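1. Got a predicted model here, sequence first, then my questions.
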Amino acid sequence: MADVEIKKLTKSFGTVEVIPEMDLVIPDGSFTVLVGPSGCGKSTLLRMIAGLELQTSGDLSIGGVDVRGRDPSDRGIAMVFQSYALYPHMTVRENISFALRLAKADPAEIEARVQNAADILQLTPLLDRRPKQLSGGQRQRVAIGRAIVRNPEVFLFDEPLSNLDAALRVQMRVEIMELHERLKTTMVYVTHDQVEAMTMADRIVVLNEGRIEQVGSPLELYDTPQTAFVAGFIGSPKMNFVRGDIPERLGGDLLGVRPEHMTLGEGDTGWTARIHLLEQLGSDTFAHVDSEVGPLIVRCHREVAELVGRDLRVAAKPGMLHLFKDGRRTDAPETL
């Protein structure tokens, strides 16, 4: 196992700066997720760790060893891509063992490593099949098995679940988390899906335009987002925002409140509102509300359908407000 340390790292393509100067430590044994919108630089950062892209400047070390200029095969890493990239003419056994056979490893050692990976990933009955005979989830497990047999110090995952359907993504999320729990190896995982980030990571790095917005545990980012960007990106549905120049006392700041921290009813406190759409998900109901301060989403009880079309009031629960000044977190009032 090994940590990954980045100091003053930059990346430019010609005159286009993709990643300004960045400092980041990925702890040994952690499951760290790099998350952010398309074009934020997360895959570029992962590819620099892997050695598939060279940094423009700065330092990058794995396990305390400076890896600048080293080939990917000499960095102690293994990478799982969005595309399974399996050889269609090879069996599962041959796909998993390919890198070891290329390195002319001892045949007995190859067989032992392949069998160990197959046992971990429940691939033993499939070892003699070819990729076309496998489901999408099974192919992804083969791709992960190909990484496991290399005994890497760091696993790198580049949006590995993007090609799977919703149910299979949930299953594979659990399997990758269990794999990390079993191997205790440093894992760096790239995704644009904040649900994946929240459910899988013990540390999340939120990126925006090549810069780190915040690093922390999933609940730290959810409960105390340090920027308006993080507050709006982490959470599903996302945080509601109200411009502070509507309630005059807030000036021009940005007020945020999570959908589950709002109340909706026919009292006399809060902002005037009316429900225009309900998302009924069984365990949750989300009311899309038109209010005097703009559109809001409120998580509420299942019987809210009877309130559709009525004049209502929507309010934030005391102590659940977030306030951002110039995009950065600041002290919020208890109530409005």
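-> Ah, there it is. Computed from a predicted model, the values in this text were never measured in an experiment. Numbering: from 1, shown residues only.
2. quick one, strands of the stretch 101-250 of the chain?
-> With strands called from DSSP state E, counting those that start in this stretch, the stretch 101-250 of the chain shows them at 154-158, 186-191, 203-208, 211-216, 240-243.
3. got the ones you listed as a markdown table, with mean pLDDT and mean neighbour count columns?
-> Where C-beta positions appear, they are placed from N, C-alpha and C, glycine not excepted. Below are the strands of the stretch 101-250 of the chain laid out as a markdown table (pLDDT from 0 to 100; neighbours: other Cβ atoms under 10 Å):
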| stretch | mean pLDDT | mean neighbour count |
| --- | --- | --- |
| strand 154-158 | 95 | 24 |
| strand 186-191 | 96 | 25 |
| strand 203-208 | 97 | 23 |
| strand 211-216 | 97 | 19 |
| strand 240-243 | 87 | 19 |
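4. TSV for these, including distance to residue 106?
-> Formatted as TSV, these follow (distance: least, Cβ to Cβ, whole Å):
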stretch	distance to residue 106
strand 154-158	24
strand 186-191	27
strand 203-208	37
strand 211-216	42
strand 240-243	60
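5. Nearest approach to residue 274 belongs to which of those?
-> Among the strands of the stretch 101-250 of the chain, strand 240-243 comes nearest to residue 274, with 15.7 Å by Cβ to Cβ.
6. and that closest one, which strands flank it?
-> Note on strand 240-243: by DSSP bridges, its sheet partners are strand 254-257 (antiparallel).
7. Next, count neighbours for residue 199.
-> 14 (other Cβ atoms under 10 Å).
8. Now that it has come up, it's in contact with residue 172, right?
-> No. Between residue 199 and residue 172 there is no contact under Cβ atoms under 8 Å: 11.5 Å.
9. Grab the longest helix from this structure for me.
-> Ranked by residue count and defined by DSSP state H, the top helix of the chain is helix 166-183.
10. Quick one, which of the strands of the stretch 101-250 of the chain gets closest to residue 135.
-> strand 154-158 (19.2 Å).
11. Run through who's touching the closest one.
-> 2, 4, 43, 46-47, 49-50, 62, 75-82, 147, 176, 185-190 (Cβ atoms under 8 Å, 6 or more residues apart in numbering).
12. Measure how that strand sits relative to strand 186-191, angle-wise.
-> Counting by axes from the mean of the first three to the mean of the last three Cα atoms, to 10 degrees, strand 154-158 lies at 10 degrees to strand 186-191.
13. Return the per-residue confidence for residue 125.
-> Residue 125 is assigned a predicted lDDT (pLDDT) of 94.
14. tell me the contacts of it?
-> Residue 125 is in contact with no residue at all, counting by Cβ under 8 Å, 6+ apart.
15. which residue of this protein sits farthest from its center?
-> Distance from the C-alpha centroid of the chain, by Cα atoms, centre = their mean, peaks at residue 268 (40.5 Å).
16. That one: what's its closest spatial neighbour, skipping adjacent residues?
-> Distances taken as Cβ to Cβ, 6 or more residues apart in numbering put residue 313 closest to residue 268, at 6.8 Å, once the chain neighbours are dropped.
17. mind listing what the residue nearest to residue 85 when sequence neighbours are not counted touches?
-> Spatially, and ignoring its direct neighbours in sequence, residue 85 is nearest to residue 143 (6.9 Å; Cβ to Cβ, 6+ apart). By Cβ under 8 Å, 6+ apart, the contact set of residue 143 is 80-81, 84-86, 160.
18. Please identify which of the residues you listed is nearest to residue 286.
-> Nearest member of the contacts of residue 143 to residue 286, counting by Cβ to Cβ, is residue 160, at 29.3 Å.
19. Count the residues that sit near the residue nearest to that closest one when sequence neighbours are not counted.
-> Nearest residue to residue 160 in three dimensions, chain neighbours excluded: residue 80, at 4.9 Å (Cβ to Cβ, 6+ apart). The number of residues packed near residue 80 is 23, by other Cβ under 10 Å.
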